[in-house]
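>>> Provided below for reference: sequence and predicted model.
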Amino acid sequence: MFLKFLTPQRLGFISLILFLLTWHGLALILKQSTLPTPLIVLNILKQQIISGELPYHLGITLLRLIVSFSIAMLIGCSIGIILGQHQHVDYFLDQWLVIFLNVPALVTIILCYVWFGLSESAAILAVIINKVPNVIITMREGTRALNQDLLEMARCYHFSKRKTFLHVIWPQLYPFVMATTRSGLALIWKIILVVELLGRSNGMGYQLNIYFQLFDVASILAYTIAFIIIIQLIEMLILKPLDKNAKKWRR
Amino acid sequence: MAAMMDILINIKHKAYRTPNSNTENVVIKDLKFTLNNKEFICLVGPSGCGKSTLLNTIAGLDTNFQGKIAIENQKTTPNIGYVFQNPRLLPWRTIRENIELVLSNTQTTKTVDILLEAMQLKHLAECYPQHLSLGMSRRISIIRAFAVNPDILLMDEPFVSLDAPNARQVRKLLLSLWQQRPHSILFVTHDLREAITLADRLVFLSKSPMKILSEIQVPIAREARENEALIENFRQQLITNHPNINALL
């Protein structure tokens, strides 16, 4: 049967091929230098990797990502859990949260550079400030949703603080941590490029800016592809296994 | 082991505030009785009368009340085993882990195996709670309560969703464990026959605000509790002699 042949993997593969063919076809028909064919882009990607330029800039961006993501998660989780547990602190800080949530990312970035100079720490700080409120809100929800019955059980059986956190609280917060990790990586990836474009002299954002000024679309697309591949690798090699591990007890 | 440990329960006033209006909903009023050392008390009362609230105050989970729960002749905090109305197992831990988590550091895990064996649930030790039926989960939560070697065992309608043969088996196990290692038990039920089968003393509770209607010793010898005619006889006698109890059931 034809339908039987269409497994999810094959369907995915076919749709990817179709995407590339459409791109290729459009590029051939339009014959514009601003829309190179996939082959040209692939070739440039190869050259960029061999020259070491792309790995260097991508690596720098990745490093900034890891540092700012880790700090943002640490701060956000701590504050979020506190707000979820203590209603009065929550009432007090809620307004701040609303303000920080609604400051446009670009404004935070500009202000950080203006106030703290065009430095590495200002760049990282800008990313963190953009990300932290989102982590706080997700973790606050997670903490509010903690199952009181189970917490009572833990108290009744004299669980230590450590035991309660490890066996009762953390497994309940885990899905929220995963959710905020996913949305966080997606957000930081995007913000970090703007940060680099505005105030750094290396990294992907900086490179993209240069190619923009040169109207070198092929290089921009080559960087984009490398970018997408990295995100997919993070998803497949880190996040998916973590998900699977946490789900084994579910029915 | 503490030699003597009576628990004096004296709750003068326990109320819940309704969230929106400022009115108080009084659940327990002037409730006073003593759980003697190693005694088995069944609390019998209509559902929703506040029995779970009472157990929570005794377990120390709810300290927001006027009155006192005093544990006599006990220097350390007593081990409390609590079988909640719902099993309250950690769904992300296996059955074995769920039970082992409540053990203190000095206890060996051998008890867990013995208890699982006695309940015929050993084959499920590595399963997760969500793969179990409610009846099985209840039995696991009973095992968990036994496993801590409690000084006080609180049971909140623990046999409700067990089928009759299972309930009988677990009841038997409860009695044999209690006789092996005597401790104080407060057992909430609204099944009078079950209460008579298990208890040394019956405490009848009114509708909320909850107070004690009467306390009655069960005069039937432990060895004779298997005799269902005797149990039934005593039940009839109770109902005819105490019309206010009959109104509860």
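Arrived safely, thanks for sending.
>>> so the spatially most central residue of chain B, which state does it fall into?
Here the mean C-alpha position of chain B is nearest to the C-alpha of B:Met155 (Cα atoms, centre = their mean), at a distance of 1.9 Å. Classification of B:Met155 using DSSP: H, G, I helix; E, B strand; the rest coil returns strand.
>>> before we move on, what about B:Thr34?
B:Thr34 ends up strand, using three-state DSSP.
>>> make sure it is actually in contact with B:Ile41.
No: B:Thr34 lies out of contact with B:Ile41 (Cβ atoms under 8 Å); the separation is 9.4 Å. Where C-beta positions appear, they are placed from N, C-alpha and C, glycine not excepted.
>>> on that earlier part again, wait, the residue nearest to the centre of chain B touches B:Trp178, no?
No: using Cβ under 8 Å, B:Met155 is not in contact with B:Trp178, being 10.9 Å away.
>>> which residues are in contact with both of these two?
Contact criterion Cβ atoms under 8 Å, 6 or more residues apart in numbering or on different chains; residues shared by B:Met155 and B:Trp178: B:Ile185.
>>> quick one: low-confidence parts of the chain?
Picked chain A for this. A:1-2 (pLDDT under 70).
>>> chain B was what I was after
Ranges of chain B meeting pLDDT under 70: B:1-4, B:73-75, B:249.
>>> tell me the residues of it that contact chain A?
B:56, B:59-61, B:77, B:80, B:82, B:84, B:86, B:88, B:90-93, B:97, B:101-102, B:104, B:128, B:130-131, B:144, B:148 (Cβ under 8 Å from any Cβ of the partner chain).
>>> go again using 10 Å as the cut-off
B:55-56, B:59-62, B:77, B:79-82, B:84-94, B:97-98, B:101-104, B:127-131, B:141, B:144-145, B:147-148, B:150, B:154 (Cβ under 10 Å from any Cβ of the partner chain).
>>> so which of those are in strands?
B:Ile80, B:Gly81, B:Tyr82, B:Leu154 (DSSP state E).
>>> what's the distance between the third one and A:Phe159?
If I follow you right, that is B:Tyr82. 13 Å (Cβ to Cβ, to the nearest Å).
>>> run through who's touching the host helix or strand of B:Lys172.
Assigned by DSSP states H and E, B:Lys172 belongs to helix B:164-180. Contacts to helix B:164-180, defined as Cβ atoms under 10 Å, 6 or more residues apart in numbering or on different chains, come from residues B:38, B:40, B:83, B:115, B:118-120, B:135-136, B:138-139, B:142-143, B:145-146, B:149, B:153, B:155, B:158-162, B:183-185, B:187, B:191, B:194, B:197-198, B:222, B:225-226.
>>> dump the C-alpha coordinates for that helix into PDB.
This file holds the C-alpha atoms of helix B:164-180, laid out as PDB (Å, rounded to 0.1, in the frame of the first residue of the first chain):
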ATOM      1  CA  ALA B 164     -14.400  -7.900  50.000                       C
ATOM      2  CA  PRO B 165     -11.800 -10.700  49.900                       C
ATOM      3  CA  ASN B 166      -8.900  -8.200  49.600                       C
ATOM      4  CA  ALA B 167     -10.300  -6.100  52.400                       C
ATOM      5  CA  ARG B 168     -10.700  -9.200  54.600                       C
ATOM      6  CA  GLN B 169      -7.100 -10.200  53.900                       C
ATOM      7  CA  VAL B 170      -5.600  -6.800  54.600                       C
ATOM      8  CA  ARG B 171      -7.700  -6.500  57.800                       C
ATOM      9  CA  LYS B 172      -6.300  -9.800  59.000                       C
ATOM     10  CA  LEU B 173      -2.800  -8.600  58.200                       C
ATOM     11  CA  LEU B 174      -3.300  -5.400  60.000                       C
ATOM     12  CA  LEU B 175      -4.500  -7.200  63.100                       C
ATOM     13  CA  SER B 176      -1.600  -9.700  63.000                       C
ATOM     14  CA  LEU B 177       1.000  -6.900  62.500                       C
ATOM     15  CA  TRP B 178      -0.600  -5.000  65.300                       C
ATOM     16  CA  GLN B 179      -0.500  -8.000  67.700                       C
ATOM     17  CA  GLN B 180       3.100  -8.700  66.700                       C
END
